[in-house]
Every structure is written in structure tokens, then in C-alpha cells.
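Novice: build me a structure from this.
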Amino acid sequence: MSLIIDSHTHLGNFPLFNVSLDVESMIKIMDDYGITVSVVFSLPNDLTLNAVKRYPNRIVGLVWVNPHNGEEALKLIEEYVLKFGFKGVKMHPLIDSFLPDQDIVHPIMELTRKLKIPVLFHCGHPPWSLPWHFGSLADMFPDVPIILGHMGHGHIVYINGAIDVARKHDNILLETSGMPMHSKILEASRLIGADRVLYGSDMPFGHPAFEIEKIKVSGVSRSELELILGLNALRVFNIKL
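Specialist: Numbers count the residues shown, from 1 in each chain. Purely as a prediction, here's the structure:
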């Protein structure tokens, strides 16, 4: 079986969605579906940190920050990356009400450039996280890998927009969780390259049972499948197995 790295997962309780997931349950799901490593980002960040400490060979952390917090966000990134070995940054424009190309995001991008780590953004909901704003951010920071979580999510206009923006910017990658059309994974692979598409499940909001199958039935080749399911994440997040 191909190496599988889940590039988009969460821990915690989510009453709005009536779902929850602890790290032991996540590890059980990973074992059931042949997932070697999960990339986790949670609020509070201590949830992720405790999971990384408990399962250092199975859990990789991204530090979740709100750019409205300014210097505090920068200090948090430095602490979690330099002290705890986290592999990137997560930001959520929809929850925290900012545009991806807003000035408040620039200091975080400058720090990620310095630290040589990627940034994963939630993408696919108006008014804050639509694909087109990521294009101008990618222009300003062409050497920072920018991952569009959900690659436009559930709206065909936003899915197409995510692929179009990625075609124009080599530093934009697309992550597949929550995006319902398996055919768009093949389209993205052929238009931007399979080396810029990442598998994710969005646990506990999604599940590997169908998210992995979505990749497998998309029509990508065996070599493309291996890139999307694991090898790309290994490279992008600098994961050491």
C-alpha cells in the first residue's frame, strides 16, 4: 500500500457539528486505514502539542494562529516551531474574519519565509476565504508554500477558482478534504501537477473511509496517487519517518 499522510486533521470537541475526536481515537482510525502520519491543527494549540508529545512518530503539528493577534501570533509560531518542532502554520480566514492578502497577514508570512515552513489556510467560504485573494498573497510571498485547505470546498465556482489560482502560482498547493468531486482531483493533477495536490480527511468532520477512496477513484495514475496520498506531504511538511 502507498504511504498515506493525512494533511488535514483536528482534535477536540465541536458542539456546533456534534463531533469530537481525541488522539487515541485518531490513532485507531489511522491504524484502520493505513495512515502513517496525520498533520494536526487544533484550538487550543496545546491539544496538538500534547498529541505530538504522546505520539511523536504519528502526529505532526501545525500551529494555529489568528493574525489579528499581531506580535502574540508571531511569538506563538516561533515557540511552537523552534521549541516543539511544529511543521507549519494554520490560519482560518472565515473564523477569524480576515482576508488572506490583508496587511495583518504579512508579518506571519514573512516569519514563515524565514523559518522555511508552509502555511495552510481554510479555503472556500465567502466572504473571507475565497480562492482569488490567495493569488495576490502568493505574488507577495512566492517562496512560501501556501496550501489551500479544501481546494474551494463544496462550491463548483470556488473549486474551479482554487484550481485556476494554483495554475497561476507555483507556490500554491491544493488539499482535497471536504471537496466532493473526485474528478476535480484528476483535473488538478493534470493542470497544476500531482506534486502540488495533498490528501486530507478533515477528521473529525470528514473520514478517511471516503476521503482516501475519493483520491483512488479520481482517475490519477499510480505514481500520481503515491504523490497525493503521501509523498507530497512528506516533502512539504518536512516529515522525517
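Novice: show me where this structure has strands.
Specialist: Secondary structure of the chain, counting by DSSP state E: strands at 5-9, 12-14, 19-21, 37-40, 59-61, 63-64, 89-91, 119-122, 146-149, 172-175, 197-198.
Novice: okay if I get those strands as JSON lines plus mean pLDDT and distance to residue 157?
Specialist: C-beta here means a position set from N, CA and C on the backbone, and glycine is covered the same way. Below are these laid out as JSON lines (pLDDT from 0 to 100; distance: least, C-beta to C-beta, whole Å):
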{"stretch": "strand 5-9", "mean pLDDT": "98", "distance to residue 157": "22"}
{"stretch": "strand 12-14", "mean pLDDT": "96", "distance to residue 157": "27"}
{"stretch": "strand 19-21", "mean pLDDT": "97", "distance to residue 157": "27"}
{"stretch": "strand 37-40", "mean pLDDT": "98", "distance to residue 157": "27"}
{"stretch": "strand 59-61", "mean pLDDT": "98", "distance to residue 157": "32"}
{"stretch": "strand 63-64", "mean pLDDT": "98", "distance to residue 157": "27"}
{"stretch": "strand 89-91", "mean pLDDT": "98", "distance to residue 157": "22"}
{"stretch": "strand 119-122", "mean pLDDT": "98", "distance to residue 157": "17"}
{"stretch": "strand 146-149", "mean pLDDT": "98", "distance to residue 157": "14"}
{"stretch": "strand 172-175", "mean pLDDT": "98", "distance to residue 157": "15"}
{"stretch": "strand 197-198", "mean pLDDT": "98", "distance to residue 157": "20"}
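Novice: residue 114 versus residue 82, what's the distance?
Specialist: 11 Å (C-beta to C-beta, to the nearest Å).
Novice: quick one on the thing from earlier: got JSON lines for the strands of the chain, with mean neighbour count and distance to residue 131 too?
Specialist: Below are the strands of the chain laid out as JSON lines (neighbours: other C-beta atoms under 10 Å; distance: least, C-beta to C-beta, whole Å):
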{"stretch": "strand 5-9", "mean neighbour count": "28", "distance to residue 131": "17"}
{"stretch": "strand 12-14", "mean neighbour count": "13", "distance to residue 131": "25"}
{"stretch": "strand 19-21", "mean neighbour count": "16", "distance to residue 131": "26"}
{"stretch": "strand 37-40", "mean neighbour count": "26", "distance to residue 131": "21"}
{"stretch": "strand 59-61", "mean neighbour count": "26", "distance to residue 131": "25"}
{"stretch": "strand 63-64", "mean neighbour count": "24", "distance to residue 131": "21"}
{"stretch": "strand 89-91", "mean neighbour count": "26", "distance to residue 131": "15"}
{"stretch": "strand 119-122", "mean neighbour count": "24", "distance to residue 131": "10"}
{"stretch": "strand 146-149", "mean neighbour count": "28", "distance to residue 131": "7"}
{"stretch": "strand 172-175", "mean neighbour count": "27", "distance to residue 131": "9"}
{"stretch": "strand 197-198", "mean neighbour count": "28", "distance to residue 131": "15"}
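Novice: quick check: the gap between the closest residue to residue 187 other than its chain neighbours and residue 219.
Specialist: Nearest residue to residue 187, sequence neighbours excluded (C-beta to C-beta, 6 or more residues apart in numbering): residue 163, at 6.5 Å. Distance, residue 163 to residue 219, by C-beta to C-beta: 15 Å.
Novice: cool, thanks, talk later.
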